[in-house]
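**Student:** build the 3D model from these lines:
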Amino acid sequence: MSVSSDQSLRRRAMKLIASAIDLLERVPIALPALVLRWGVALVFWRSGLTKLPLGSDMTTLLFEEEYRVPILPGAFAAYVTTLIELTAPWMLILGIGTRVGATVLLVETLVIEIFVYPQNYPDHLLWAGPLLYLLLRGPGTWSIDYQLRRRLIRLRKD
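**Tutor:** Numbering: from 1, shown residues only. The predicted model follows:
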């Protein structure tokens, strides 16, 4: 192979890579934001479903014997956690009150990490990452939050 054909091949490869990157960068940021919202929401939703029926003896026992969250009585912690895990995911899925829902689930994740299962930090980081992104950057344009914010800004201008 000659030097010029080698350079030509390298140039074509670089053009192809640049085109691929350009194509990827055209994907609206709303798409990964939606995937992050749904993905982390499903983790907590499924956890909430395992705690039903609300206030059951098994759930209360789980919080009193295994989780042992300090300060909160087991029955109260079970009730509050179940309500959070069945409510906040819908806030993320629909994109309404997303930052509030993400904050609540991030605090729950921190409580689980610090007091319940500190050895499970890899899982907790997988939850905290999307929640932190949603808290800091919001749910993206494919959300009710975004539409409400746009209307509010429009009303302020009028």
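**Student:** quick one: mean pLDDT over the top helix by length along the chain.
**Tutor:** Assignment by DSSP state H gives helix 3-25 as the longest helix of the chain. For helix 3-25, mean pLDDT rounds to 92.
**Student:** do the same with stretch 108-121
**Tutor:** Confidence for stretch 108-121, expressed as mean pLDDT, is 96.
**Student:** what pLDDT does Lys157 get?
**Tutor:** At Lys157, pLDDT is 77.
**Student:** list the contacts for it?
**Tutor:** By Cβ atoms under 8 Å, 6 or more residues apart in numbering, the contact list for Lys157 is empty. All C-beta spots, glycine's among them, are computed from the backbone N, C-alpha and C.
**Student:** and it, how far from Arg150?
**Tutor:** In this structure, Lys157 and Arg150 are 11 Å apart, going by Cβ to Cβ, to the nearest Å.
**Student:** chain center to the helix or strand where Pro122 lies: distance?
**Tutor:** Counting by DSSP states H and E, the element that carries Pro122 is helix 121-137. Relative to its parent chain, helix 121-137 has a centroid offset of 6 Å by Cα atoms, centre = their mean, to the nearest Å.
**Student:** for that helix, output the C-alpha coordinates as PDB.
**Tutor:** Written as PDB, here are the backbone C-alpha positions of helix 121-137 (Å, rounded to 0.1, in the frame of the first residue of the first chain):
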ATOM      1  CA  TYR A 121     -23.100   1.000  46.400                       C
ATOM      2  CA  PRO A 122     -22.700   0.000  42.700                       C
ATOM      3  CA  ASP A 123     -26.500  -0.400  42.400                       C
ATOM      4  CA  HIS A 124     -27.100   2.800  44.300                       C
ATOM      5  CA  LEU A 125     -24.700   4.700  42.000                       C
ATOM      6  CA  LEU A 126     -26.800   3.400  39.000                       C
ATOM      7  CA  TRP A 127     -29.900   4.900  40.600                       C
ATOM      8  CA  ALA A 128     -28.200   8.100  41.800                       C
ATOM      9  CA  GLY A 129     -26.700   9.000  38.400                       C
ATOM     10  CA  PRO A 130     -30.000   9.400  36.500                       C
ATOM     11  CA  LEU A 131     -31.700  11.000  39.500                       C
ATOM     12  CA  LEU A 132     -28.900  13.500  39.900                       C
ATOM     13  CA  TYR A 133     -29.000  14.300  36.100                       C
ATOM     14  CA  LEU A 134     -32.800  14.800  36.400                       C
ATOM     15  CA  LEU A 135     -32.400  17.000  39.400                       C
ATOM     16  CA  LEU A 136     -29.800  19.200  37.800                       C
ATOM     17  CA  ARG A 137     -30.900  19.300  34.200                       C
END
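**Student:** brilliant, that's me finished.
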